[in-house]
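J.: based on what follows, work out the 3D shape:
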Amino acid sequence: MRMEENSKRKTRKGAGRKPKTDPAVHRYVVRLNSEENGHFEIRFQKSGLKQHSKFIKAMIFGHEMKVVRIDKAAMDYYIRLTNFYHQFQAIGNNYNQTVKAVKSNFGEKRAFALLRNLEKATIDLVVLSKRIIMLTREFEEEYLIKRKKEEQQNGG
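T.: Sure thing, here's the model as predicted:
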């Protein structure tokens, strides 16, 4: 019975973590003052990495750092703009259905009067869509100017 226990122990002995082929055993210490630490933390946050050690290695060895910025105002604007786009598509579908229904269900004079009212509403929609396009262009210009200023201030 003891031999069986010994053989079980031997089989369990190697069940731990596999040793690394090239373990990281070298350590360096760098001390930063408050200003330097502030710059370090800003760059670390912009990098999007979760571990300081990986960020420091990437900076030392010149690995490409990908910085992804999410501007909540821009995201909100584009979400609303997308919703407008879908509403305009729905209006276009309704417009086509309305024209078909008016042509098939009403006499020529009545259809002409109804289509004239529809034409006025369509002109209002065109004016509104042009205004949306203009506001979007203004937003994009201001957004690009804002981003360039931020990049200049952050030195990159």
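J.: the strand or helix carrying residue 109 packs against which elements?
T.: Assigned by DSSP states H and E, residue 109 falls within helix 108-153. Here helix 108-153 touches helix 72-105, going by 3 or more CB pairs under 8 Å, 6 or more residues apart in numbering; DSSP states H and E. C-betas here are computed from N, CA, C, even on glycine.
J.: which residue is nearest the centroid of this protein?
T.: residue 70 (5.7 Å; CA atoms, centre = their mean).
J.: what residues go with each domain of this protein?
T.: 27-68, 72-153 (automatic domain parsing).
J.: follow-up on the earlier one: can you give me the offset of the helix holding residue 109 from its chain's centre?
T.: 24 Å (CA atoms, centre = their mean, to the nearest Å).
J.: ditto for stretch 51-62
T.: 24 Å.
J.: convert the C-alpha atoms of it to PDB, please.
T.: Provided in PDB are the C-alpha atoms of stretch 51-62 (Å, rounded to 0.1, in the frame of the first residue of the first chain):
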ATOM      1  CA  GLN A  51      -0.100  47.100 -16.300                       C
ATOM      2  CA  HIS A  52       2.500  49.700 -15.700                       C
ATOM      3  CA  SER A  53       5.300  47.200 -16.400                       C
ATOM      4  CA  LYS A  54       4.100  46.400 -19.900                       C
ATOM      5  CA  PHE A  55       3.800  50.200 -20.600                       C
ATOM      6  CA  ILE A  56       7.300  50.900 -19.400                       C
ATOM      7  CA  LYS A  57       8.700  48.000 -21.500                       C
ATOM      8  CA  ALA A  58       6.900  49.300 -24.500                       C
ATOM      9  CA  MET A  59       8.300  52.800 -24.000                       C
ATOM     10  CA  ILE A  60      11.800  51.600 -23.400                       C
ATOM     11  CA  PHE A  61      12.000  49.300 -26.400                       C
ATOM     12  CA  GLY A  62      10.100  51.700 -28.700                       C
END
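J.: pull out the buried positions in it.
T.: Neighbour counts over stretch 51-62 (16 or more other CB atoms under 10 Å) mark residue 55 as buried.
J.: now it: mean pLDDT?
T.: For stretch 51-62, the mean pLDDT works out to 85.
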